[in-house]
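>>> Okay, here's the prediction I keep looking at, along with the sequence it came from:
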Number of protein chains: 2
Amino acid sequence: MEPEKVRAPNIRDVARLAGVSYQTVSRVLNNSESIKPSTKERVLEVIEQVGYRPNQAARALVTSRSRTIGVLTSQTAHYGPTTSLHAIEDAAREAGYLVSTTSLATSGYESITDRLEHLISQAVEGLVVIAPQVKVFDAIRELDIRLPLVTLDSTRRDDQRSLSVDQIAGARLATRHLIELGHREIVHLAGPQDWIEAEARMRGFLDEINDADLGTHPPILGDWTADFGYHVGNELVHSRNFTAVFAANDQMALGLMHAFRDAGLDVPGDVSVVGFDDIPEAAHYWPPLTTVRQDFTEIGRRSVALLLAELRGEADRNHDQILPELIIRESTAPPRR
Amino acid sequence: MEPEKVRAPNIRDVARLAGVSYQTVSRVLNNSESIKPSTKERVLEVIEQVGYRPNQAARALVTSRSRTIGVLTSQTAHYGPTTSLHAIEDAAREAGYLVSTTSLATSGYESITDRLEHLISQAVEGLVVIAPQVKVFDAIRELDIRLPLVTLDSTRRDDQRSLSVDQIAGARLATRHLIELGHREIVHLAGPQDWIEAEARMRGFLDEINDADLGTHPPILGDWTADFGYHVGNELVHSRNFTAVFAANDQMALGLMHAFRDAGLDVPGDVSVVGFDDIPEAAHYWPPLTTVRQDFTEIGRRSVALLLAELRGEADRNHDQILPELIIRESTAPPRR
DNA sequence: ACGAGAAATGTGACCGTACACATGATCGTC
DNA sequence: GACGATCATGTGTACGGTCACATTTCTCGT
């Protein structure tokens, strides 16, 4: 006849056992100033003893603060976004926030709004978007979201709410490196065009090409995968009207090098290849990949700082873009005459 | 003199505007059966019009169901865990659940209990642990967590709550492949020993070696990174008392091959290398890597299914382990005589 | 036309917390 | 030793839903 489900202790249970009012317990929980140390101690003892845990739902209900930030990611397991996500979680944890992640399903537009709705209905206090795809921003705009929001997006420098490594500068760095080596026929293997980063890298590439008064073939639009790079590489070897390729990420660069090797071409002897991201494996590819390093961890960390500042109403504006860095390894060399 | 902060509409606002009681609105929200279609429609119209969103905190408070599952991950951005995580999110979404992720900080034990506390205080309904480290399970045991919990852990087959690709079988597959090629001196580069998977792979390796009546050197304990594999490779080339290496993941295998190449050794001519995981890049390494494929997505999906079944009190026990598969590429060959 | 039973809808209480405010205890001061 | 100021603690209420139960409205057979 015992009660099947014992109710978890609540604030009043604690109060009763400690011989104080529930409000006093609440004060202890929220580190209120005016609490006699002895009673505080007594209350904490009881809390420990009965294993009391404040109910966040109740707390969220009354304060309308969930202490949760929402993160919207793309469904793909890329190194960059993943690394940033971890940094975000770390930073959020340190600030006492929890992170609710939600990834975009493969499908289209409704999926995004659906995800955003879901996140909002959980009363997240702010949003970090690390799936910088154009359609995501369309969805955000359409939903008229009033939440503080930070996006990892390099194209809107004026916007207070975005933060990123300067992708354009990075792409220029990579391209300039090739040009300085003497390459004149450079192909760009870009990322999916609805990715804002992909577009920025492509723009940086084209800008640099223009500034050097060079022509180029229209960039090839890829999907970030090594497989795709491999396929593109297999196509490219037929024409051979280029001496270097700038790939929009390291994985595609890897696939390219694979295809070139299959075709009997030497990298960098016959073709130079540059990647982007500097994932930890890039140094161990064959040949070790020249690439553009960006600090995904720093990005993640800062995005949370920015978001929290906005939540507090501060204007932390630590907005200087983070600069990418060119890492020269062995996949690039002057073109063979 | 207008109100600064307009309160979000609540269920009673909707009820008033629709000319019904709040309970009727509640019924509409929960798809109750006995609701006249016409009133349902009217209510939905009002909801749409005023942009009403049910407050999950309030709902969670009264039902003590948060519709959230918590995921505990390691802080490292490895391909496998990340892929599983995405699958978990997908599956959770489909079931109407949200996922709260929390990653383990680098630090030690308190960090884990702290994270678990945090997750629990958010009233997650269940837990998925994809950071299968021994200390995590210690923490879980110590905290005496009563939540439904699923772990991606291969060592406790009897336990109802774990689910995994059979790591031991995978390691045996890889090892047997080398043995069948004629290798007798095989080195194992293992993962960190507090990782349950690493330990399982090592056990599989040793079991297979024993069954073949071979001796082996004590496995080298690594940290999963390509950098580490590279360092180990640089050491190994001094002794040369082996003809093959089985690395506990693909990244370390990559580093190894890099070091071997640096030393002028041919893979697979002089040394065969096998990896584990079959990450998407493995096929494009040089040489393309022979490895053991495991379906991280399937694992993630199933873990959610298992968890939800447990939440519903069903006994879905779909427990057959998922079998890994050996993918033979070009990094393995018979030993040179 | 009437009443029974089902269908549709309404009412009161409660979930666990924080906030505003009220009250009681303590203390230095003249 | 009475007094206001300050510190410590207690009381009422609201947050936005759901649940159990009460009530009204509809449907249909006799």
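In hand now; what should we look at?

>>> Where does the prediction get shaky in the stretch 101-250 of chain A?
Counting by pLDDT under 70, the stretch 101-250 of chain A has low-confidence residues at A:105-110, A:153-161.

>>> Which single residue of it approaches DNA strand C most closely?
Checking the stretch 101-250 of chain A residue by residue against DNA strand C with Cβ to the nearest atom of the strand singles out residue A:123 as nearest, at 13.3 Å. Quick note: C-beta positions are derived from backbone N, CA and C, even for glycine.

>>> what's near enough to touch the nearest residue to that residue once chain neighbours are set aside?
Nearest-residue entry for residue A:123: residue A:66, 4.2 Å, with adjacent residues in sequence omitted and distances by Cβ to Cβ, 6 or more residues apart in numbering or on different chains. With contacts taken as Cβ atoms under 8 Å, 6 or more residues apart in numbering or on different chains, residue A:66 has the following neighbours: A:56, A:60, A:122, A:123, A:124, A:125, B:57.

>>> Report pLDDT for residue A:66.
Confidence per residue is given as pLDDT, and for residue A:66 that number is 85.

>>> SS state for it?
coil (DSSP: H, G, I helix; E, B strand; the rest coil).

>>> Got the phi and psi for it?
Phi and psi for residue A:66, reported as degrees, to the nearest 10, are phi -90, psi -10.

>>> That one and residue A:148, how far apart?
Separation of residue A:66 from residue A:148 (Cβ to Cβ, to the nearest Å): 13 Å.

>>> same deal with residue A:134?
Using Cβ to Cβ, residue A:134 is found at 21 Å from residue A:148.

>>> Looking at these two, which is more packed in?
Of the pair residue A:134 and residue A:148, residue A:148 is the one with more neighbours under other Cβ atoms under 10 Å in any protein chain shown, namely 20 against 14.

>>> Need the contact partners of stretch A:223-232.
If you take Cβ under 8 Å, 6+ apart as the criterion, stretch A:223-232 is touched by A:76, A:78, A:189, A:191-192, A:220, A:222, A:247-249, A:251-256, A:258-259, B:280-281, B:283-284.

>>> Show the buried residues in the residues you listed.
Burial of the contacts of stretch A:223-232 was assessed by neighbour count (16 or more other Cβ atoms under 10 Å in any protein chain shown); the buried members are A:76, A:78, A:189, A:191, A:220, A:222, A:247-249, A:251-256, A:258-259, B:280-281, B:283-284.

>>> on that earlier part again, and the residue nearest to residue A:123, how close does it get to residue A:300?
Going from residue A:66 to residue A:300 by Cβ to Cβ gives 20 Å.

>>> Residues of chain A that sit close to DNA strand D?
If contacts are counted using Cβ under 7 Å from any atom of the strand, the residues of chain A sitting beside DNA strand D are A:19-24, A:27, A:32-36, A:38-40, A:58, A:61-62, A:64.

>>> do you know how far residue A:22 is from residue A:168?
57 Å.

>>> between these two, which one's more packed in?
Between residue A:22 and residue A:168, residue A:168 has the larger neighbour count (other Cβ under 10 Å), namely 23 against 15.

>>> if I pick the more buried one, what's in contact with it?
Taking Cβ under 8 Å, 6+ apart as the test, what residue A:168 contacts is A:154, A:200, A:201, A:203, A:204, A:207.

>>> and it, that's in a helix?
Yes - residue assignment for residue A:168, taken from three-state DSSP, places it within a helix.

>>> So which bits of the strand or helix carrying residue A:210 are buried?
Taking DSSP states H and E as the criterion, the element that holds residue A:210 is helix A:196-211. Applying a neighbour-count criterion of 16+ other Cβ under 10 Å, the buried positions in helix A:196-211 are A:196-206, A:208-209.
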